[in-house]
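> the sequence isn't on hand, but the structure is:
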DNA sequence: CTGTGTGAAAGGTTTCACAGCT
DNA sequence: AGCTGTGAAACCTTTCACACAG
């Protein structure tokens, strides 16, 4: 009864790699961070066991994932830190410019842009929009804050495909539709509403209230973990 | 080679319900939101098909989940909106007070507390901590901002078990250890670092950079979704 | 007849065990 | 020997199909 909203695998047939499960895609950034730390430490080669220790995943899982990307390891040795990083970035499409639109320059939007500014990485926030006239024209984390009416022109002009929705719940659906109309097809939504959009648009929701509610389940109403009184 | 960091099921044997898969736990808040909307609309009974339309999940999945909680539906009729909501809240432990500590009153922390303030719901942010002396003593979303040195006493005094870490990466590990020492065993971590904590502590990480990196995978470098020029 | 609850089947992911390079 | 890559097994989740209650 449901159209199976992007479940399982993706990228049917492409140049480099074909169809990686969503769960594996979510782990790639984890590897990337671990590799970054190792590179800073000057390490050139890393084993799956070492990556496991750094990421909290199992070595088998890591080998499976990396083998899926095309097998960039050397048997009996391990993975070349630098090279593996490049391969993963390439697989994620982070070797090109990936501009992102941020809609909503409130506290959350500000936190996101500050955070993004500090990292020398893709994706990078390339355009910011807010409905508050007092904010329009100001700069935030290196990007200019524009009015909501400029979404369409700006997103098109910059060829933006990804957007972050950081506006209050009431405005989110309208914002999302504008972004999609302008060419965005991958959205990260922080507003606590279910967005109703064409099936080809990928929406990832991050809802703090839900996150907390789910976590409450794991708080058992008995003795705390470490008490010493 | 790994101790299986809380995988699969939980809550071994308890009073009300026993062992719900993590994936199901994550869906409960989704049901809760849909039920809230329906309740506002004055609806008393809802079918799994209707809930499916509101949540984007399948009706079978919803029935499976709700049957696991104890089967609160009436065959041939559906689920009582009010009653089902109570059952889910009870299962999540939201029928009691669930105070949460928030560490870090920067932009992110402010966004979180504002957001939490507006909702008449559990969990509720019951204590806020920040290292900035200028902020200590001020109020934010109904709670007082305290100094970091007050974490232990306050968390213990209020019996807080859950905490949100919204501090920069460098301080996160220290903050996490303090929280755990004070009795917290469920953490929501927004800092972009892997926290090294005892296995019995449940950590849920939300990392914007990783989220964006993973989403970049789904931005295929070809024609956008909706173009009309 | 309607819509839930549930065993069975299907599908996907993780773990295991080991073959195969270096 | 050491560590990757990979088929097979185990495990978990979702979907299907239908019995069953109201």
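Structure's in. What do you need? A quick note: this is a predicted structure, and the numbers were derived from the prediction, not measured.
> ramachandran coordinates for the spatially most central residue of chain A?
Against the mean C-alpha coordinate of chain A, by CA atoms, centre = their mean, the closest residue is residue A:188 at 7.7 Å. Main-chain torsions, residue A:188, degrees, to the nearest 10: phi -110, psi 110.
> skipping adjacent residues, who's closest to it in space?
Nearest non-adjacent residue to residue A:188, counting by CB to CB, 6 or more residues apart in numbering or on different chains: residue A:164, 4.7 Å away. Glycine gets a C-beta too; all of them are placed from N, C-alpha and C.
> hang on, that neighbour in a strand?
Yes - applying DSSP: H, G, I helix; E, B strand; the rest coil, one finds residue A:164 inside a strand.
> beta partners for it?
Under DSSP bridges, the beta-bridge partners of residue A:164 are residue A:102, residue A:188.
> can I assume it is in contact with residue A:103?
Yes - with contacts counted by CB atoms under 8 Å, residue A:164 reaches residue A:103, the gap being 6.9 Å.
> could you name every residue contacting both of those two?
Contact criterion CB atoms under 8 Å, 6 or more residues apart in numbering or on different chains; residues shared by residue A:164 and residue A:103: residue A:109.
> just the strands from chain A, written as ranges.
For chain A, the strands defined by DSSP state E occupy A:45-46, A:73-74, A:78-80, A:99-103, A:124-130, A:139-140, A:143-147, A:162-165, A:186-189, A:202-205.
> how about those in a markdown table, adding mean pLDDT and distance to residue B:58?
Shown next, in a markdown table, are the strands of chain A (pLDDT from 0 to 100; distance: least, CB to CB, whole Å):
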| stretch | mean pLDDT | distance to residue B:58 |
| --- | --- | --- |
| strand A:45-46 | 98 | 41 |
| strand A:73-74 | 96 | 39 |
| strand A:78-80 | 98 | 39 |
| strand A:99-103 | 98 | 31 |
| strand A:124-130 | 97 | 35 |
| strand A:139-140 | 96 | 41 |
| strand A:143-147 | 97 | 40 |
| strand A:162-165 | 98 | 25 |
| strand A:186-189 | 98 | 21 |
| strand A:202-205 | 97 | 17 |
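> of those strands, which approaches DNA strand D most closely?
When the strands of chain A are compared by CB to the nearest atom of the strand, strand A:73-74 sits nearest DNA strand D, at 2.8 Å.
> so what are the sheet partners of the closest one and their directions?
Sheet pairing for strand A:73-74, assigned by DSSP bridges, gives strand A:78-80 (antiparallel).
> for the lowest-mean-pLDDT helix or strand in chain A, packing partners?
Using mean pLDDT, DSSP states H and E, helix A:107-118 stands out as the lowest-scoring helix or strand of chain A, at a mean of 91. Here helix A:107-118 touches strand A:99-103, strand A:124-130, strand A:139-140, helix B:107-118, helix B:208-216, going by 3 or more CB pairs under 8 Å, 6 or more residues apart in numbering or on different chains; DSSP states H and E.
> deepest-packed of the strands of chain A, please.
strand A:162-165 (a mean of 28; mean count of other CB atoms under 10 Å in any protein chain shown).
> hmm, who's touching that strand?
By CB under 8 Å, 6+ apart, strand A:162-165 touches A:98-104, A:109, A:112, A:123, A:125, A:155, A:172, A:175-176, A:179, A:184, A:186-191, A:195, B:212, B:215-216, B:219.
> any idea how far that strand is from the chain center?
10 Å (CA atoms, centre = their mean, to the nearest Å).
> ok, residue A:188 - contacts?
Contact analysis of residue A:188 by CB under 8 Å, 6+ apart lists A:162, A:163, A:164, A:165, A:204, A:206, B:211, B:212, B:215.
> the last one against residue A:184, yeah?
Read it as residue B:215. No - here residue B:215 does not reach residue A:184: they are 11.2 Å apart, not a contact under CB under 8 Å.
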